[in-house]
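S.K.: attaching a predicted model along with its sequence, questions to come.
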Amino acid sequence: MAVEREKMYQCEVKRRRIKDGGGYEPFWKVKEVVVALADSDTEFRCKDCFGEVKLLGRNGKVGTIPYVEHKLPADSEFCPSGLLFKKATDGREPHPSAHPVE
């Protein structure tokens with residue numbers, strides 16, 4: 001019996017931009033996971049709850065599409081993109097991660 005996996009194909013990646021007055025400032029940008037890997041991005045977080053995610057499916061097997069899933073089950077339980085949130089039947093409200101990635 002196959003285990004159902006949480007698969008999110010979009011996430012936020014940390015980027016840098018030039019500040020007014022010089023220097024750089026970090027910001028988060030929503031990207032497809034495939035594009036983020038092609039762009040060599042290294043810092044990822046959930047686009048909805050800002051929680052920590054792990055990158056999976058990037059092994060290069062034919063037909064495999066890279067994706068991310070929440071590292072913490074608590075994030076998945078209260079994130080609109082989370083598998084546990086989507087499966088819940090108790091009418092819970094979404095909220096940001098208790099441990100957001102800054």
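M.R.: It's in.
S.K.: do you know the pLDDT at the residue located most distally from the centre of the chain?
M.R.: The outermost residue of the chain relative to its centre, with distances by Cα atoms, centre = their mean, is residue 21 at 31.6 Å. You'll see residue 21 listed with a pLDDT of 88.
S.K.: can you classify it as helix, strand or coil?
M.R.: coil (DSSP: H, G, I helix; E, B strand; the rest coil).
S.K.: next: residue 35.
M.R.: helix.
S.K.: for residue 84, same thing?
M.R.: helix.
S.K.: quick one: it from residue 44, how far?
M.R.: Noted for residue 84: a distance of 19 Å to residue 44, by Cβ to Cβ, to the nearest Å. (Each C-beta comes from the backbone N, C-alpha and C, glycine too.)
S.K.: so for these two, which sits in the more crowded spot?
M.R.: residue 44 (21 against 16; other Cβ atoms under 10 Å).
S.K.: quick one, strands of this structure?
M.R.: Counting by DSSP state E, the chain has strands at residues 10-18, 24-32, 44-45, 53-56, 67-70.
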